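Enquirer: Pasted the sequence and its predicted model underneath.
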Amino acid sequence: MKARKLLALGLTAIIGATMMAGCGGGGGSTTSQSSDGSSASGTYAFVAKDVQNPYMQKVYDGFEKACKEIGAEPLYKGPEAATPEKQIEIINQLVAQNVAGIAIAANDADALQPALTEAMDAGIKVISLDSAVNKDSRQTHIQQADPEKIGRGLIQAAYEMVDGNGGIAVLSATAQATNQNLWIEWMKELEENPEKYANTPLIKVAYGDDDPTKSTSETQALLTDSSIKVIIAPTTVGMLAAGKVLQDKQSDVKLTGLGLPSEMAPFIEDGTCPWMYLWNPVDIGYLSGYTMDALVKGTITGDVGGSFNAGDLGEKKITEAADGGTEVMLGDPFKFDTENIAEWKEVY
C-alpha cells in the first residue's frame, strides 16, 4: 500500500512548527506466536511490556517480518501484566535457553539490569525498544522518535485544541515507563513559556498502567475536575480507554496523544480527538530485528558511528542517546486527523 510505503521510508508529515504506544514466567504468564525452534542459537526474542497490548503485537509483527527476511527464528514473550518482575523471569528463561538476542520494551529502566547484564555476560545481544532500559543494560536502543519533539508537540496540540484556555491532564502508562516519563519531562514547554501557557496549566499526571480497566477509571477520575479541558494520553492503551470514556459521556473535554489509527478513527471522526500522532509500530519492530541481526553478526557493536542495512528502512546509523548510551532513530512521528484517518485506519 502506498501509505505504508511512505511511512516505512520515513516520509512523514511535519507536525506543527517544531513538532514531530504503550508495548515468560510460570503459571501461564507468557505466550509465543512462533515456534521456539529446535535450536535456540538462531533465536531472536522479543519481550513485550505485556502480551495483550495491541501496540506491542504490532511491534512484534514487524520484528517477525525482519527475522523471516534475515533467516532468524522469532520468538514473542511477555507477561500478562506490565510489571518488571515478570519480565525478569522471562529474561532468565531466555538466558537459560541461550537465545542469540533479546529485544525488550522495558517496564522499568533499572530493575531489569541484573538479568540483562547476565544475558550480555553470556554472550546474548541485548537491545531495548519503545521504552528503554538504562545504558548499562543494553548494547543499543531503538528510539521511535525524538522525545523532545514528542513532548513539546503534544503540549502544543493540547494548547491549540482549547485555544489556550483550559487545564491539561496526562494519562500515562506506568510510573516507571521510561519513554512516557521522558516525553512528560519534555512538556517543560509549559515552564519555558509561562505567559503563553498561563491559562493552560498541567493539572495532573495519572497512570493507567497500560491496563484498559485502570486507564478507564483514571480517565473517569480526571473528568471530576472541571478545570481539565484536554487529556494527553502518550500511550495507545490510554488513548483508546480515554476515547471511549469521553465518547460515552459526550464530554467536551478533548483528547490527543499517541494512538493506533485503526483504534482511534471513530474518535477522530466524531471530534473527540481532533488529531493525534504516532509512528508505525510495525517499523519499530522491523528495525529492531535488523539491529539485532547486525549485532549478532558483528556488523555493529552498538557503539556510536556504526551503521548497517535495515532492509526496507535502508541504511541506519547508531548515534548517542540522551542517557549517555546509544540509539538508532526510526524517524519523525506522523499526524493523524480527519483528512487522512480514513486511509490510515486500514494500514495499522
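Expert: Received it, and whenever you're ready, just let me know what you need.
Enquirer: Check which residues of stretch 99-115 are buried.
Expert: By neighbour count with 16 or more other CB atoms under 10 Å, stretch 99-115 contains the buried residues 99-109, 111-113, 115. C-beta here means a position set from N, CA and C on the backbone, and glycine is covered the same way.
Enquirer: Ok, stretch 301-311 next?
Expert: For stretch 301-311, burial by neighbour count (16+ other CB under 10 Å) applies to Gly302, Gly306, Phe308, Ala310, Gly311.
Enquirer: can I get those residues in a markdown table with secondary structure, distance to Pro274 and pLDDT?
Expert: Formatted as a markdown table, the entries for the buried residues of stretch 301-311 read as follows, by DSSP: H, G, I helix; E, B strand; the rest coil; distance: CB to CB, whole Å; pLDDT from 0 to 100:
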| residue | secondary structure | distance to Pro274 | pLDDT |
| --- | --- | --- | --- |
| Gly302 | coil | 40 | 98 |
| Gly306 | coil | 41 | 98 |
| Phe308 | strand | 39 | 98 |
| Ala310 | coil | 34 | 98 |
| Gly311 | helix | 35 | 98 |
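Enquirer: which among those residues gets closest to Met329?
Expert: Set against Met329, the nearest of the buried residues of stretch 301-311 by CB to CB is Ala310 (11.3 Å).
Enquirer: how close does that closest one get to Ser288?
Expert: 10 Å (CB to CB, to the nearest Å).
Enquirer: what does Phe334 give?
Expert: Counting by CB to CB, the gap from Phe334 to Ser288 is 19 Å.
Enquirer: These two: which has the busier surroundings?
Expert: Higher neighbour count among Phe334 and Ser288: Ser288, with 31 against 23, using other CB atoms under 10 Å.
Enquirer: which SS class is that one?
Expert: Here Ser288 is recorded as helix under DSSP: H, G, I helix; E, B strand; the rest coil.
Enquirer: Surely it and Glu64 touch.
Expert: No - counting by CB atoms under 8 Å, Glu64 is not a contact partner of Ser288; they are 10.6 Å apart.
Enquirer: Can you list the residue ranges for helices in this protein?
Expert: Using DSSP state H, the helices assigned to the chain run over residues 2-8, 54-70, 84-97, 113-121, 147-161, 178-185, 189-192, 212-222, 236-248, 261-269, 281-296, 341-344.
Enquirer: Check the burial of the residue nearest to Asp108 when sequence neighbours are not counted by counting its neighbours.
Expert: Spatial nearest neighbour of Asp108, chain neighbours left out: Pro84 (3.7 Å); criterion: CB to CB, 6 or more residues apart in numbering. Residues contacting Pro84 under the criterion other CB under 10 Å number 21.
Enquirer: just Gln93 next, same as before
Expert: Counted with other CB under 10 Å, Gln93 comes out at 16.
Enquirer: Report pLDDT for it.
Expert: At Gln93 the predicted local distance difference test score is 98.
Enquirer: State the distance from it to Gly78.
Expert: Separation of Gln93 from Gly78 (CB to CB) stands at 12 Å.
Enquirer: do Asp121 as well
Expert: Asp121 is 23 Å from Gly78, by CB to CB.
Enquirer: can you check Val230 too?
Expert: 32 Å.
Enquirer: the more surrounded of these two?
Expert: Neighbour count, other CB under 10 Å: between Val230 and Gly78, Gly78 has more, with 29 against 21.
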